[in-house]
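J.: Sequence first, then the predicted structure:
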Amino acid sequence: MIDHTVVDLSRLQFALTALYHFLFVPLTMGLVFMLAIMESVYVMTGREIWKRMTQFWGVLFGINFAMGVATGVTMEFQFGTNWAYYSHYVGDVFGTPLAIEGMMAFFLEATFIGLFFFGWDKLSRVGHLAVTWLLAFATSMSALWILAANAWMQNPVGAEFNIDTMRMEVTSFSAVFFNPVAQSKFVHTVSAGYVLGAMFVLSISAWYLLKGRNVDFAKRSMTVAASFGLAASLSVVVLGDESGYTVTEHQKMKLAAIEAMWETEPPPASFTLFGWPDVAERKTHYAVHIPWVMGLIGTRSLDGVLPGIRELVAEAEVRIADGRKAYAAMQALRADRNDAEARATFEAHKDDLGHALLLTRLNVDPLSASPEDVARAAESTIPNVPVLFWAFRIMVACGFWFIALFAYSFWLASKRQLDRHRWYLRVALCSLPLPWIASELGWIVAEYGRQPWAIEGILPTALGVSSVSVTQVMTSLIGFVVFYTALAVVDAFLMVRYARKGPDGLGMWPPKEEGVH
């Protein structure tokens, strides 16, 4: 019997720790590239102001990096504590990219960040610049392996279930690494991090201009942020389109839930700009549609069909019935591994075994399930439609706002008028939280939309939990929330403190540069 309270608490714990961790990760990825750009200008021009800019923003980067490491370490341990069967079932596949990421993070990143902070007077200009770029590269590569592992959960390629070992085993590591979902997820996530880093620099620099402090420093920082942020925000939209296409290919139910598409529409499907999804009535009220857009994004064609939720549920019923044959054959093979007929049956139907396991998620024996049980299991493949619907639209709205703000900032920078309009500086400052909101919502869409699967189509989430009690999970959940909240408060306090001090308060401004007074 599955204790769904344990399942829900374990999911909540991992979700909260992941969301806390993702407060720091995108800023680290984005801010380090800003440092590399600023230091490149310093090396090319020799102007001291660019070195000071790199060093000051580097202080804020270092604070955030430390918090990211602290919140990230504990996440991997949860696979053993809260998700033991998941780790056993897919450890051969999932463990490799996590191990590589650990080496990237703790060896490459740790080495380069030490050289970045302590190598200013010990390395040549070019040598230190190389370290900064290598740090930026290592940060992105660390994210690549994590996202490759996560993408495999969305689209499990390059691995097969071994009936003899009862585990998923790698058949092609290159297929795991070059998973199309991994590639689109990586570039989209990293670009979102670049947007956050650019907004961070833009907003804090706007605050300096509002206060009339560090004016030259702030203008140069905003110019870099505007240019980098505009390119990054445009790429997020373009790469988001690619992500939408891969979701259409591999996670049709997630896309249907994001769109609240209850019925299959004639192609090309429209995009629902606004609406009120009603789960009980299976209808979206007050829907405002933009013709053709969803069909073009999802299928890249005018005649491609995007299936609706009802059709996908009916398809899930068929796959559950087919998977029951694989489950029965698996039980026969566990009793007699030499049963050739059972092995042939299993091989013919093994792709749908995961759907049969949805019945055990409902505490129903797949071999004795009634048609009503199969229908319930098929219904359970629908994720939370209102959450996905609104999370996606708020995220997209933020994305278009970033394009508009960075484009206007770039125009002002080209006219040397960044400090001309105080209303613009206030808008730039108030926009600071938005990239974090968009990033967290993007993570919710990606992960919440995969439910009820831990591994899409293979392992239901409810079957992956450890044999722990409600009390144990609740205790660790409370502990994590308290600890991570404390870290977030400390991070915010340090960030605000050092941002308020500014380069002048840290003795980095004005620069001692010939010709500058």
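T.: Received it, and whenever you're ready, just let me know what you need. Remember, it's a predicted structure, so these values are computed and weren't measured experimentally.
J.: Where does pLDDT dip in this structure?
T.: Across the chain, the stretches falling below the confidence threshold (pLDDT under 70) are 512-517.
J.: Distance check, residue 107 against residue 113.
T.: Taking Cβ to Cβ, to the nearest Å as the measure, residue 107 and residue 113 are separated by 11 Å. From N, CA and C alone the C-beta is placed, and that goes for glycine too.
J.: Equivalent analysis for residue 402, please.
T.: Distance from residue 402 to residue 113, counting by Cβ to Cβ: 27 Å.
J.: out of these two, which sits in the more crowded spot?
T.: Neighbours per residue (other Cβ atoms under 10 Å) separate residue 402 from residue 113, with residue 402 holding more: 26 against 23.
J.: isn't the more buried one right up against residue 194?
T.: No - Residue 402 is not in contact with residue 194 according to Cβ atoms under 8 Å; the separation is 10.5 Å.
J.: now the one residue sitting closest to the centre of the chain, what's its secondary structure?
T.: Taking Cα atoms, centre = their mean, the centroid of the chain lies closest to residue 443, which sits 4.3 Å from it. Secondary structure of residue 443, reduced to three states by DSSP: H, G, I helix; E, B strand; the rest coil: helix.
J.: Report the spatially nearest residue to it, omitting neighbours in sequence.
T.: Excluding the flanking residues, the one nearest residue 443 by Cβ to Cβ, 6 or more residues apart in numbering is residue 22, at 5.6 Å.
J.: what are the phi and psi angles of the one you found?
T.: According to degrees, to the nearest 10, the main-chain angles of residue 22 amount to phi -80, psi 0.
J.: Tell me how many other residues surround it.
T.: By the other Cβ under 10 Å criterion, the neighbourhood of residue 22 contains 20 residues.
J.: Counting neighbours, what do you get for the nearest residue to residue 12 once chain neighbours are set aside?
T.: What sits nearest to residue 12 in space, not counting adjacent residues and going by Cβ to Cβ, 6+ apart, is residue 477, at 6.5 Å. In terms of burial, residue 477 registers 18 neighbours under the definition other Cβ under 10 Å.
J.: in the strand or helix carrying residue 477, what's buried?
T.: Here residue 477 is covered by helix 470-505, with elements defined by DSSP states H and E. If you call a residue buried by 16 or more other Cβ atoms under 10 Å, then helix 470-505 has these buried ones: 473, 476-477, 480, 484, 487, 491, 494-495, 498-499, 502-503.
J.: now, which of the residues you listed sits nearest residue 146?
T.: If you rank the buried residues of helix 470-505 by distance to residue 146 using Cβ to Cβ, residue 484 comes first, at 18.1 Å.
J.: hang on, the earlier thing: my guess is the residue nearest to the centre of the chain meets residue 20, correct?
T.: No - with contacts counted by Cβ under 8 Å, residue 443 stays clear of residue 20, the gap being 11.2 Å.
J.: returning to that earlier point: with distance to residue 71 added, can I get the buried residues of helix 470-505 in TSV?
T.: Rendered in TSV, the data for the buried residues of helix 470-505 read as follows (distance: Cβ to Cβ, whole Å):
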residue	distance to residue 71
473	19
476	15
477	15
480	10
484	6
487	6
491	9
494	15
495	15
498	19
499	21
502	27
503	28
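J.: from the residues you listed, which single one is nearest residue 225?
T.: Residue 225 lies nearest to residue 499 out of the buried residues of helix 470-505, by Cβ to Cβ, at 14.2 Å.
J.: quick one, phi psi at residue 170?
T.: For residue 170, the backbone dihedrals (degrees, to the nearest 10) come out as phi -70, psi 130.
J.: tally of neighbours for it?
T.: Using other Cβ under 10 Å, residue 170 has 17 other residues around it.
J.: measure it to residue 246 for me?
T.: Following Cβ to Cβ, the distance that separates residue 170 from residue 246 is 21 Å.
J.: residues in contact with the residue nearest to residue 12?
T.: 9, 12, 13, 16 (Cβ atoms under 8 Å, 6 or more residues apart in numbering).
J.: Mark which of the residues you listed are buried, thanks.
T.: When these are checked for burial by 16+ other Cβ under 10 Å, the buried set is 9, 13.
J.: doesn't residue 269 make contact with residue 290?
T.: No - using Cβ under 8 Å, residue 290 and residue 269 do not qualify as a contacting pair, with a distance of 10.4 Å.
J.: List the contacts of residue 9.
T.: Residues in contact with residue 9, defined by Cβ under 8 Å, 6+ apart, are 470, 473, 474, 477.
J.: so, if you compare those residues, which one comes nearest to residue 235?
T.: Nearest to residue 235 among the contacts of residue 9: residue 477, at 36.6 Å, using Cβ to Cβ.
J.: any idea how far the closest one is from residue 9?
T.: Taking Cβ to Cβ as the criterion, residue 477 is separated from residue 9 by 6 Å.
J.: try residue 306
T.: As for residue 306, its distance to residue 9 is 35 Å (criterion: Cβ to Cβ).
J.: thought residue 58 was touching residue 35?
T.: Yes - counting by Cβ under 8 Å, residue 58 touches residue 35, with 5.6 Å between them.
J.: Can you pull the residues that touch both of the two?
T.: When contacts are counted by Cβ under 8 Å, 6+ apart, residue 58 and residue 35 have residue 116 as shared neighbours.
J.: OK, contacts around the closest residue to residue 408 other than its chain neighbours?
T.: Computed as Cβ to Cβ, 6+ apart, the closest residue to residue 408 that is not its neighbour in sequence is residue 424, at 7.2 Å. If a contact means Cβ under 8 Å, 6+ apart, then residue 424 has 206, 408, 409, 412 as its contacts.
J.: between the helix or strand harbouring the first one and helix 470-505, how big is the angle?
T.: Pointing back at residue 206 there. Using DSSP H and E, the element containing residue 206 is helix 180-211. Relative orientation of helix 180-211 with respect to helix 470-505: 40 degrees, computed using axes from the mean of the first three to the mean of the last three Cα atoms, to 10 degrees.
J.: Would you map the strands across the stretch 51-200 of the chain?
T.: The residue ranges that make up the strands of the stretch 51-200 of the chain, judged by DSSP state E, counting those that start in this stretch, are 159-162, 167-170.
J.: how far does the last one sit from the chain's center?
T.: Here the centre of mass of C-alpha atoms in strand 167-170, compared against the chain's by Cα atoms, centre = their mean, to the nearest Å, lies 25 Å away.
J.: same thing with stretch 501-512?
T.: Computed by Cα atoms, centre = their mean, the chain-centroid distance of stretch 501-512 equals 36 Å.
J.: before we move on, the earlier item: how close does the residue nearest to residue 443 sit to residue 413?
T.: When distance is defined by Cβ to Cβ, residue 22 is 30 Å away from residue 413.
J.: same check, this time on residue 13
T.: When Cβ to Cβ is the yardstick, residue 13 and residue 413 sit 44 Å from each other.
J.: With residue 389 instead?
T.: Shown here: residue 389 relative to residue 413, a distance of 37 Å by Cβ to Cβ.
J.: who has more neighbours, these two?
T.: residue 389 (22 against 19).
J.: got a list of what that one touches?
T.: The neighbourhood of residue 389, defined by Cβ under 8 Å, 6+ apart, consists of 257, 258, 259, 260, 272, 275, 277.
J.: Most neighbours among those, which one?
T.: Neighbour-wise, those (other Cβ under 10 Å) top out at residue 257, 28 neighbours.
J.: following the host helix or strand of that residue, which helix or strand shows up next?
T.: Secondary structure assignment for residue 257, by DSSP H and E: helix 252-259. Secondary structure here is assigned by DSSP H and E; on that basis, the next helix or strand after helix 252-259 toward the C-terminus is strand 271-278.
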